[in-house]
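Enquirer: take a look and give me a structure for this.
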Amino acid sequence: MIHPIPPGTRDVLPDEMRELRKLHVALIEVFEGFGYGEVATPAIEYDEVLARGDGRSTGSGYRFFDESGDLLALRAEMTVPIARLAASRYAAAEEPVRLCYLANAFRAVRPQRGQEDRRLDLGARDGRRDVDRPERGATDHRDRRKGVVRSGVERRTHRAQRLDDTSDRTASQ
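Expert: From the prediction side, this is the model:
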């Protein structure tokens, strides 16, 4: 008997998991090279916390009640969870607080649309704002740090892919 999985989900098998792990490590190493520290937040948050965001986080189609009757939700993206973490854990910290993350985020999908309900959300937070998503009203949306981090990620990921391609060719010869 084959047990089905919900629409929009999939299993990740060993070969793909190895590749994902390599990519995860390479990306976080880039951020760490620029002085960012990796953090992780729970996949579930109180729904009222996610609702305080700008609307992107309220897209979670996965809500449920805990044993106390509080409404919880799976995160649909990372902005609000990272902001919550920065505000609660680093409120008294000296600036800049440089945080980075690579985490699963979940969204509701319609069956037969070819969409996955899980995606990886990668980003960095410098101080009290997202590096890859400048605050509304910011005067310069082309923050230099953002460009440095992004170009570093692109350069190192491209180099890692070239190394993989080279090793694949070498192994096959």
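
Enquirer: please count neighbours and contacts with C-alpha atoms only from this point.
Expert: OK.

Enquirer: ok, Met78 touching Ala105?
Expert: Yes. Met78 lies in contact with Ala105 (CA atoms under 8 Å); the separation is 7.0 Å.

Enquirer: give me the contacts around stretch 43-50.
Expert: For stretch 43-50, contacts defined as CA atoms under 8 Å, 6 or more residues apart in numbering pick out 57-58, 63, 70-75, 80-81, 104-105.

Enquirer: ok so, going back, and Met78 and Ala105? which has more neighbours close in?
Expert: Met78 (24 against 20; other CA atoms under 10 Å).

Enquirer: gap between the more buried one and Ala124?
Expert: Remark: distance between Met78 and Ala124 (CA to CA, to the nearest Å) = 10 Å.

Enquirer: tell me the SS of Ala86?
Expert: What DSSP: H, G, I helix; E, B strand; the rest coil gives for Ala86 is helix.

Enquirer: can you give me the strands for the protein?
Expert: Per DSSP state E, the chain carries strands over the ranges 37-38, 44-46, 63-65, 71-74, 98-106, 118-126, 129-130.

Enquirer: for the third one, name the packing helices and strands.
Expert: Counting contacts by 3 or more CA pairs under 8 Å, 6 or more residues apart in numbering; DSSP states H and E, strand 63-65 is packed against strand 71-74.

Enquirer: show me where the protein has helices.
Expert: 14-33, 47-51, 79-89, 144-172 (DSSP state H).
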